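J.: Please find the sequence and the predicted model below.
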Amino acid sequence: MNIEDFKLAYLLSCFCLALIILSPTLAMVIRLPRGEPFTEFWILGSGQMAEDYPFNVTTHEVYRVYLGVANHMSGLEYYKVFVKFRNQTEPLPDSVNGTPSPLYPVFEYRVFLRDGEVWEKEFLFSFDNVSFEGNFCRISNIIVDGYVLNVDKVAFWDEENKGFYFQIFFELWIYNATALDFQFHNRFVGFWLNMTVPI
Amino acid sequence: MKTYNVLEAFILATLLLAYFAHACFAASSADAEEALSNAEENLASAYVHVAEAERAGANISELLERLVYAGGLLAEAKNSYSTGDYEKAYSLAINCSSAVNNIALEASDLKLKGEEAYGEKLMFTAGISSVGLSVLFVLSLFAWRFLRRWYVKRVLEMKPIVEDKA
């Protein structure tokens, strides 16, 4: 090794040491890009597992699922969860275009979560004023958390799947601080219900 | 007889007042709607300020608890409105607005404090780094002089080796 190479190696060592000394300041000033921000949204069955979702339901019985939201958006977020109820012919949200279902929400939750925080809520529901006439079933009320909500939905007998099918689904909305309004976060979860005649 | 009539009139007036007072002070659908709209705006504005404070590095735990509480009230108010219970919706919406009353101000205050604390921490860290760099610079000059001398001495002490070409 000649003197020039030796000098270069020495300068490089000094530069590395300088970077180590500067690293606490650089870490405060330079914001490294984070991963893709996202929000988790789920429903779990009565045992808080991804199983045992209510399916064959009847009037006056109370059913339970667990609803969850986890924030990975790298900051405090303000969410709104809409509970919607539909029959087989009514539209779901359009995940391709990111538009929500046009159905009116029957119930809602407001959630504030910091980055990394999780919100989980027991969702109890039952049905009231259910009538079966010929080949259709009409549900007038759904009871959520003690609120008697008027839904007035009709489902026709599904010959192929043998049942009167309804769906409860949840839409996640997020507050956009720039637009000063909520916008659909393009996340929704739901489960099918087959309304049966009480024995 | 006169006392009896006065008493009768008093009871009748009280009953009428009790009957109509509810109608006079009950919140209508429009009142509830306005209160809900105000609560919605107040809560959103409070959230925006708290989120800014959080980004500035402030401790927002206490404010967040209040936001969560107010959010619960607003959701209950909206759900009550959906069921047609306008009075409950109105009162919950008013409670929600009260719960977030000073949050925006407090959050702005916390944001300023957070920014100040960040600035102070940055100055302190930059100061330590500058001292470290200065020490490194001076020491590296001395070290270079020493290392160069050591290197030259090592080279001068080397003995030439003649390679055998055969």
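T.: The structure has been received and is ready for your questions.

J.: alpha carbons only for contacts and neighbour counts from here, please
T.: Noted.

J.: give me the element the closest residue to A:Phe170 other than its chain neighbours is part of.
T.: Distances taken as C-alpha to C-alpha, 6 or more residues apart in numbering or on different chains put A:Val83 closest to A:Phe170, at 4.7 Å, once the chain neighbours are dropped. For A:Val83, the host element (DSSP states H and E) is strand A:77-87.

J.: try B:Ala53
T.: Per DSSP H and E, B:Ala53 falls inside helix B:29-55.

J.: and that helix with strand A:77-87, angle?
T.: 140 degrees (axes from the mean of the first three to the mean of the last three C-alpha atoms, to 10 degrees).

J.: So which other helices or strands are in contact with helix B:29-55?
T.: helix B:61-82, helix B:86-99, helix B:103-156 (3 or more C-alpha pairs under 8 Å, 6 or more residues apart in numbering or on different chains; DSSP states H and E).

J.: What average pLDDT does the first one get?
T.: What that stands for is helix B:61-82. The average pLDDT for helix B:61-82 rounds to 95.

J.: Give me the buried positions along it.
T.: B:63-64, B:66-82 (16 or more other C-alpha atoms under 10 Å in any protein chain shown).

J.: how about the helix holding B:Ala53: buried residues?
T.: Residues of helix B:29-55 classed as buried: B:29, B:32-33, B:35-36, B:38-40, B:42-55 (neighbour count, 16+ other C-alpha under 10 Å).

J.: helices and strands of chain A: which one has the lowest mean pLDDT?
T.: Lowest on mean pLDDT, DSSP states H and E among the helices and strands of chain A sits helix A:3-29, with a mean of 89.

J.: ok, and does that helix reach over to chain B?
T.: Yes. Applying C-alpha under 8 Å from any C-alpha of the partner chain, one finds helix A:3-29 in contact with chain B at A:Ile3, A:Tyr10, A:Cys14, A:Leu17, A:Ala18, A:Ile21, A:Leu22, A:Pro24, A:Thr25, A:Met28.

J.: In PyMOL, select just the buried ones from the residues you listed.
T.: The following PyMOL line selects those of the residues of helix A:3-29 next to chain B that are buried, judged by 16+ other C-alpha under 10 Å:
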select buried, chain A and resi 14+18+21+22+25
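
J.: So which residue is smack in the middle of the chain?
T.: All of this refers to chain A. A:Phe41 (2.9 Å; C-alpha atoms, centre = their mean).

J.: Sorry, I should have been clearer: chain B.
T.: By C-alpha atoms, centre = their mean, the mean C-alpha position of chain B lies nearest to B:Val50, the distance being 2.6 Å.

J.: How about the contacts made by B:Glu115?
T.: Each residue near B:Glu115 by C-alpha atoms under 8 Å, 6 or more residues apart in numbering or on different chains is listed here: B:Ala56, B:Gly57, B:Ala58.

J.: And it, what's its pLDDT?
T.: 87.

J.: got the contact list for stretch B:37-56?
T.: With C-alpha under 8 Å, 6+ apart as the criterion, stretch B:37-56 contacts A:75-78, A:177, A:180, B:59-60, B:63-64, B:67, B:70-71, B:74, B:93-94, B:96-97, B:100-101, B:103-104, B:107-108, B:110-112, B:114-115, B:118.
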